[in-house]
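J.: dropping the sequence and predicted coords here.
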Number of protein chains: 2
Amino acid sequence: MSQDNTTDITTYMHSVGKQARAASRTLAAANTGKKNDALIAIHDALVAAKDDILSANKKDMDKGQSNDLDAALLDRLELTDARFDGMLQGLKDVAALPDPIGEVTDMTYRPSGIHLGKMRVPLGVVGMIYESRPNVTLEAASLALKSGNAIILRGGSEAFESNQAIAKCIYQGLKQVELSEHSVQVLQTTDRAAVGELITMTDYVDVIVPRGGKGLIERISRDARVPVIKHLDGNCHTFIDRDADADIAVSVSVNAKTHRYGTCNTMETLLVDAPVAKELLPKIATAIVEADDAMQLRVDDTAQDILADVAALDGHLSAATDEDWDTEYLAPILAIKVIDGIDAAIAHINTHGSHHTDVIITDNYSKSQRFIREVDSASVMINASSRFADGFEYGLGAEIGISTDKIHARGPVGLEGLTSQKWIVYGHGETRA
Amino acid sequence: MSQDNTTDITTYMHSVGKQARAASRTLAAANTGKKNDALIAIHDALVAAKDDILSANKKDMDKGQSNDLDAALLDRLELTDARFDGMLQGLKDVAALPDPIGEVTDMTYRPSGIHLGKMRVPLGVVGMIYESRPNVTLEAASLALKSGNAIILRGGSEAFESNQAIAKCIYQGLKQVELSEHSVQVLQTTDRAAVGELITMTDYVDVIVPRGGKGLIERISRDARVPVIKHLDGNCHTFIDRDADADIAVSVSVNAKTHRYGTCNTMETLLVDAPVAKELLPKIATAIVEADDAMQLRVDDTAQDILADVAALDGHLSAATDEDWDTEYLAPILAIKVIDGIDAAIAHINTHGSHHTDVIITDNYSKSQRFIREVDSASVMINASSRFADGFEYGLGAEIGISTDKIHARGPVGLEGLTSQKWIVYGHGETRA
């Protein structure tokens, strides 16, 4: 296939789409045992092909180095022994998860006589677009298989050799259990036109799951005609209410900010209720800076007045600008604002937040309930670190992603996010009057 | 506001969107009693303003007549006494429905100590785009209010006066119970540019629900950036399996085809299993033609051979073309195909159908179960008329629409389709290790 010929790409992608749609029909009807067997067969194929996969990865790494890829990208690209073992364990973990497909709920007789219920079924065909990490190829394939979906995978060009080597094992495993090899298709092109086709082939693709930076996801969402389960930013807040327990305020704030920086559930803005700001803010700010000396605090005027004389914060303070309230830093930076009361806190969060995960620290019953109800975020928490907003911590067993949408899946998305429910009717010859 | 100035329209729509977003915050926190009071207050305002509303409708009708609107459109536009009473009853019915908001499910302790669950919450702001029927203004407003959503309504220009008169009563009712008048906003312009803004204002609108012809819905889906709950076509099948009960095959087929023609759950294609075609097809076809003498049957070659000599079908038969298998007639026309076995039937339905509602008539256990599992449609039925695929028949109490999507809401959509679930975490100071 010529990589710069758009007609060729269109033809190729439509043939991939058609094959995926056909495979999705078989997969939807495949039994749980067979799907698990496929995952284990892929596991065994990977074990046998470890050397080939690592040497393919070496080719990608060499190419990346000579192309001057940045260090972070190269790190994500590398398949270390630990990461390889992680892929193997992941397959076993997904095989051990309960099968979401076939669950029937709400069966009930209607006055007409029909017996009505809902059955959980696969979405059909998933399109996945992602960047450098080659282990995503396997993760995504295994989650799709388990949930009875065919999947089309479009990894980054920098991981092309690694992805193709992993794909070989997937095809081998599928073949071994006599499932269609088209159940999982890793694109054989890195032409960007292929992405354009993938996200607009509404006849062949039911949902797009992009993984990558905000820019990539915004671009895909803008151009897609297929629905997208998207994860944009995580601008998470912790609000220290005037009735907060001081110890919890400190420990949760430190954990939410400093446990990890690159994650979407990390606190980016700390809101402190005015009546307790003088007492609590110096303690919290000091503890956060003690946890990481590189921490920068971007503070509003009131916070500046309160913190200016705290010796431990010397060199860590600067004035916040309006932009800070809307920023996901993904770095040792924290915006701090003193705010007067829960109404102002909720309004600030709903206006400036990204509706991802927001926390109140309080021991007041009424305010805890108001916060839970009125904050319009995928996860809303009382007295716990925002870092808990995670598929594994929530017990989903696996995480396809974290959705910042309200439609379909919201927050951490497990296997269920790749399913739909259809209505089923068991009749006895009923006709409508 | 100048109606042909795009800048003005943009400014106007953004101000409408901002107001809707603000109102949605209050509505999300409004208690059930207050929302029901609002519905009853609107009911009372409508009763008091009946004369004004009917005379506004008369203006629309007069204008429609002098603009030569077609008869079907004029019929939908007209607010008869019966329709007015229907609107009043609808408000009481929606007030009597259970409130979907606030339902908490799946509360469970996680190993970390957090108490995790899901809370049902409003989507936020709904945008509704619809054509001539002014009663939709009220239906949509009441469903949005009950589910705690603000709504922006954009009715057809032909119903402008009627919609404004109804809107006045809605504002009055909202004001009376001290809910924001911006909870329901009926656009004061019929400029098409307003639709373009409505479906792309992702900051202010969470979901678009279009009601109208396939053309309108395709156009909106193509241009929207806000998610759309869409209903495209209903190309519904009934498959008469070789193990069908003959009486049920006849009665369900007649009901599915002739009960109503303009509805999306009407049968458009009849598939008959080859071994029983000779015995059953003449009976079914005759009964359908007896039910409506205007019926046209578009038959494949095999069906033609079987039916050619049936006197009752004289003048009703013509040869089906490939296009017939993909067509939603919405008319007394039925496509008929003789097909060999359940595999071919399922393949035909999944390929040519619109994934709306499909039926098998059989008394065979295994085939009934395969059909339920493998047919990829929003509603899949055994031994019942496809006409049952309906929000009221399914017991949803109200119907916002019927979704042909797999994402979010599928099939008949009730109040729950206008809601989302957020994760709630009750902690005790937990931090992540």
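T.: Sure thing, it's come through. Residues are numbered from 1 along each chain as shown, chains lettered A, B, ... in the order given.
J.: mind listing the strands for the stretch 51-200 of chain A?
T.: A:104-109, A:115-122, A:125-129, A:150-154, A:184-186 (DSSP state E, counting those that start in this stretch).
J.: the top strand by length along chain A pairs with which strands, and in what direction?
T.: When chain A is scanned for its longest strand (criterion: DSSP state E), the result is strand A:419-430. Applying DSSP bridges, strand A:419-430 is found paired with strand A:115-122 (antiparallel), strand B:379-384 (parallel).
J.: next, the buried residues of whichever strand or helix holds A:Gly17.
T.: Per DSSP states H and E: A:Gly17 is located in helix A:6-29. The neighbour-count check on helix A:6-29 (16 or more other C-beta atoms under 10 Å in any protein chain shown) flags A:9, A:12-13, A:16-17, A:19-28 as buried. In short, each C-beta sits where N, CA and C put it, glycine included.
J.: output the contacting helices and strands for the very next helix or strand once past that helix.
T.: With elements assigned by DSSP H and E, the helix or strand that comes after helix A:6-29 is helix A:32-48. If you count contacts as 3 or more C-beta pairs under 8 Å, 6 or more residues apart in numbering or on different chains; DSSP states H and E, helix A:32-48 packs onto helix A:81-96, helix A:135-146, helix A:160-176.
J.: want to throw the ones you listed into CSV with mean pLDDT and mean neighbour count?
T.: Below are those laid out as CSV (pLDDT from 0 to 100; neighbours: other C-beta atoms under 10 Å in any protein chain shown):
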stretch, mean pLDDT, mean neighbour count
helix A:81-96, 95, 16
helix A:135-146, 94, 25
helix A:160-176, 97, 22
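J.: of all these, which lies closest to A:Thr286?
T.: helix A:81-96 (35.9 Å; C-beta to C-beta).
J.: need the contact partners of the closest one.
T.: Contacts with helix A:81-96, where a contact means C-beta atoms under 8 Å, 6 or more residues apart in numbering or on different chains, come from A:36, A:39-40, A:42-43, A:46-47, A:50, A:53-54, A:135, A:138-139, A:142-143, A:145-146, A:397-398.
J.: averaged pLDDT, stretch A:221-233. What do you get?
T.: The average pLDDT for stretch A:221-233 rounds to 88.
J.: hmm, that stretch in reach of chain B?
T.: Yes - using C-beta under 8 Å from any C-beta of the partner chain, a contact is recorded between stretch A:221-233 and chain B, made by A:221-222, A:225, A:227.
J.: buried set for that stretch?
T.: A:221, A:224, A:226-233.
J.: mind giving me the domain split of chain A?
T.: A:6-229+A:413-426, A:236-388 (automatic domain parsing).
J.: now the last one: mean pLDDT?
T.: What it means is domain A:236-388. 97.
J.: for the strand or helix carrying A:Ile402, packing partners?
T.: Secondary structure from DSSP H and E places A:Ile402 in strand A:401-403. When contacts are defined as 3+ C-beta pairs under 8 Å, 6+ apart, strand A:401-403 packs onto strand A:411-413.
J.: centre of the chain versus the strand it packs on, how much separation?
T.: 7 Å (C-alpha atoms, centre = their mean, to the nearest Å).
J.: elements contacting it?
T.: strand A:401-403, strand B:419-430.
J.: redo that, cut-off 10 Å
T.: strand A:379-384, strand A:401-403, strand B:419-430 (3 or more C-beta pairs under 10 Å, 6 or more residues apart in numbering or on different chains; DSSP states H and E).
J.: then the first one to CSV, C-alphas only?
T.: Coordinates of each C-alpha in strand A:379-384 appear next as CSV, following Å, rounded to 0.1, in the frame of the first residue of the first chain:
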residue,chain,number,x,y,z
SER,A,379,-16.3,12.1,41.2
VAL,A,380,-17.2,14.1,44.3
MET,A,381,-15.6,13.2,47.6
ILE,A,382,-15.9,14.0,51.3
ASN,A,383,-12.7,13.7,53.5
ALA,A,384,-10.7,11.7,51.0
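J.: that older thread, chain B: which of the residues of stretch A:221-233 next to chain B is nearest?
T.: Taking C-beta to the nearest C-beta as the measure, chain B sits nearest to A:Pro227 out of the residues of stretch A:221-233 next to chain B, at 4.4 Å.
J.: just the buried positions in stretch A:325-334, please.
T.: Under 16+ other C-beta under 10 Å, the buried positions of stretch A:325-334 are A:325, A:327-329, A:332-334.
J.: could you tell me the end-to-end distance of it?
T.: Stretch A:325-334 has an end-to-end distance of 10 Å (criterion: C-alpha to C-alpha, to the nearest Å).
J.: the residue of the stretch 101-250 of chain A at minimum distance from chain B: neighbour count?
T.: The minimum distance from the stretch 101-250 of chain A to chain B, using C-beta to the nearest C-beta, falls at A:Ile248 (3.9 Å). Close neighbours of A:Ile248, defined as other C-beta atoms under 10 Å in any protein chain shown, add up to 20.
J.: try the one 5 residues further on
T.: Other residues near A:Ser253 number 29, with proximity taken as other C-beta under 10 Å.
J.: same question, A:Thr286
T.: 17.
J.: secondary structure class for it?
T.: helix (DSSP: H, G, I helix; E, B strand; the rest coil).
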